[in-house]
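Chemist: sequence and predicted structure, then a few things I'm wondering about:
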Amino acid sequence: KSKSENDMETIVSGEIKRPNKNLQLGDSDSSFYERRRQMTPDVMKSKVDLLQKKADKGDLEAIVSLAACYMMGDGVEVDKEKALDFYKQAADKGSIDALYQVGVCYCYGKGTKIDKQKGFEFWLKSANLGYPRAQFAVGHVYQYGNGKNIEVDIGMAQVWYEKAAAQGHNGAIKALKNLY
């Protein structure tokens, strides 16, 4: 490997890959975002090229990271349909984060038409596999309903918030305090 390929692999697999996996809504990881702001377009493009090579070889984490790049426009033009396709591919390969992200796409119409029921089903799959962000999302849907076929069920909201809170999800901890 050339030095630039090694440097890019360090960036992708090391500290500049993506935010802290435990980062949640309302939290911040200023060092990640500061490093991200300092990356030149050429470095970002190289990052995406390396991720694509890894994704082509079936690297699950690279597929998820590539999806995020397309969703946010990091090193590529924003392409939410392509991001959703990558998230679906990663979900099919077993990524519980990607299952959650597919749910986000359907619930909020990112790369597809809004389908809250389908989004909820993806969140529920991810939540049942233990992903705290999905557990929080499922709890939120039960707390407020989804305007379609999921009715408010405070008991179920509490169950899912407790599961997420047990894993340190700050939003779930706050939601439990405010639930009743």
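Modeler: Received it, and whenever you're ready, just let me know what you need.

Chemist: then the helix or strand harbouring Asp97 to PDB, C-alphas only?
Modeler: Here Asp97 sits within helix 96-108, counting by DSSP states H and E. Presented in PDB, the C-alpha positions along helix 96-108 are these (Å, rounded to 0.1, in the frame of the first residue of the first chain):
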ATOM      1  CA  ILE A  96     -28.300  -3.400  13.600                       C
ATOM      2  CA  ASP A  97     -27.200   0.300  13.100                       C
ATOM      3  CA  ALA A  98     -28.200   0.000   9.400                       C
ATOM      4  CA  LEU A  99     -31.600  -1.500  10.400                       C
ATOM      5  CA  TYR A 100     -32.200   1.500  12.500                       C
ATOM      6  CA  GLN A 101     -31.000   3.900   9.800                       C
ATOM      7  CA  VAL A 102     -33.400   2.200   7.200                       C
ATOM      8  CA  GLY A 103     -36.200   2.900   9.700                       C
ATOM      9  CA  VAL A 104     -35.100   6.600   9.900                       C
ATOM     10  CA  CYS A 105     -35.200   6.800   6.100                       C
ATOM     11  CA  TYR A 106     -38.700   5.400   5.900                       C
ATOM     12  CA  CYS A 107     -40.100   7.400   8.900                       C
ATOM     13  CA  TYR A 108     -38.700  10.700   7.600                       C
END
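
Chemist: buried sites along that helix?
Modeler: Within helix 96-108, the residues scored as buried using 16 or more other CB atoms under 10 Å are Ile96, Asp97, Ala98, Leu99, Tyr100, Gln101, Val102, Gly103, Val104, Cys105, Tyr106, Cys107. Every C-beta, even on glycine, is put in place using the N, C-alpha and C of the backbone.

Chemist: from these, which is closest to Gln117?
Modeler: Set against Gln117, the nearest of the buried residues of helix 96-108 by CB to CB is Tyr106 (8.4 Å).

Chemist: correct me, but the closest one touches Tyr100?
Modeler: No - using CB atoms under 8 Å, Tyr106 is not in contact with Tyr100, being 11.1 Å away.

Chemist: re earlier: reformat the buried residues of helix 96-108 as a markdown table; add distance to Tyr144 and pLDDT.
Modeler: Below are the buried residues of helix 96-108 laid out as a markdown table (distance: CB to CB, whole Å; pLDDT from 0 to 100):
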| residue | distance to Tyr144 | pLDDT |
| --- | --- | --- |
| Ile96 | 23 | 97 |
| Asp97 | 23 | 97 |
| Ala98 | 25 | 97 |
| Leu99 | 21 | 97 |
| Tyr100 | 18 | 98 |
| Gln101 | 21 | 98 |
| Val102 | 21 | 98 |
| Gly103 | 16 | 98 |
| Val104 | 16 | 97 |
| Cys105 | 20 | 98 |
| Tyr106 | 17 | 97 |
| Cys107 | 12 | 95 |
